[in-house]
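1. My questions are about this predicted structure, shown below with the sequence.
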Amino acid sequence: MTVLSDADRRRIDEGDDRRFYGEPRYVTHADDAFRDRLTRLYDEIFDRGDRVFDAMGSWVSHFPGTRLDRVVGHGLNEAELRANDRYDEWFVQDLNRERRLPLSDDAFDVVCCALSVQYLQYPAAVFSEFDRVRDDGGVVVVSFTDRMFPSKAVAAWREASMDGRAELVASYVRAGGMAATGRVTERGPGDPFYAVLGGDAEDA
């Protein structure tokens with residue numbers, strides 16, 4: 001299932017993403033209120049001993065103190081990934097060039113993607129991979145706000161409203177073979193908080 005047309009996936013800067021993200025950025029890409037809300041959401045979802053894949057991550061994951069069995073991180077900057085003290089292991093991969101994840105089927109209870117989904121040019125393929133590595137009953141958690149690197153975000157994202165972006169992410173979830181099982185929206189002072197959850201159809 002294709003959810004973005006060629007025009008939808010265009011970016012202002014079509015240069016090499018590995019070069020763009022070559023220097024580490026030790027910033028959080030969202031304000032304190034957003035980060036606190038994301039940690040609370042993860043706290044509601046994580047169970048002790050869960051296996052977690054943090055896709056498109058960086059030096060901090062905003063996880064609660066839950067004792068997890070295994071955490072695998074992924075991103076584009078090696079220094080940032082190495083600095084993340086929640087990762088047991090990590091790997092560098094450009095998902096716009098290589099969508100297949102070097103991970104086993106059914107390997108994770110939770111797949112997280114925070115503040116990065118706007119950069120995916122081939123979301124159906126990537127979310128299919130999220131579904132493949134997600135164990136039965138596992139959850140995909142995609143969170144975002146209105147901040148971005150505009151030159152690297154796809155046109156469909158740049159041109160959509162925040163609610164439209166939530167619908168776009170829900171369409172990515174469905175294109176990946178899952179059901180969009182929940183949505184969290186909080187607007188107030190500071191960065192708006194949006195999260196879309198994906199999982200098994202019977203949980204919808």
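-> Perfect, thanks for sending it.
2. any chance you could map the helices in this structure?
-> Listed in chain order, the helices found in the chain under DSSP state H are 17-20, 32-45, 78-83, 123-133, 155-158, 162-175.
3. Dump the ones you listed into JSON lines; add mean pLDDT as well.
-> Output for the helices of the chain, formatted as JSON lines (pLDDT from 0 to 100):
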{"stretch": "helix 17-20", "mean pLDDT": "76"}
{"stretch": "helix 32-45", "mean pLDDT": "96"}
{"stretch": "helix 78-83", "mean pLDDT": "94"}
{"stretch": "helix 123-133", "mean pLDDT": "98"}
{"stretch": "helix 155-158", "mean pLDDT": "97"}
{"stretch": "helix 162-175", "mean pLDDT": "97"}
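4. can you redo those as JSON lines with mean neighbour count and distance to Arg187?
-> All C-beta spots, glycine's among them, are computed from the backbone N, C-alpha and C. Written out in JSON lines, the entries for those read as follows (neighbours: other CB atoms under 10 Å; distance: least, CB to CB, whole Å):
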{"stretch": "helix 17-20", "mean neighbour count": "14", "distance to Arg187": "30"}
{"stretch": "helix 32-45", "mean neighbour count": "17", "distance to Arg187": "11"}
{"stretch": "helix 78-83", "mean neighbour count": "16", "distance to Arg187": "29"}
{"stretch": "helix 123-133", "mean neighbour count": "22", "distance to Arg187": "24"}
{"stretch": "helix 155-158", "mean neighbour count": "19", "distance to Arg187": "18"}
{"stretch": "helix 162-175", "mean neighbour count": "19", "distance to Arg187": "8"}
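5. among those helices, which is nearest Gly57?
-> Across the helices of the chain, Gly57 has its closest neighbour in helix 78-83 (7.0 Å, CB to CB).
6. so how far is Pro123 from the spatially most central residue of the chain?
-> Compute the mean C-alpha point of the chain, and by CA atoms, centre = their mean the closest residue is Cys113, 1.6 Å away. For Cys113, the distance to Pro123 (CB to CB, to the nearest Å) stands at 10 Å.
7. just Val71 next, same as before
-> Counting by CB to CB, the separation of Val71 from Pro123 is 23 Å.
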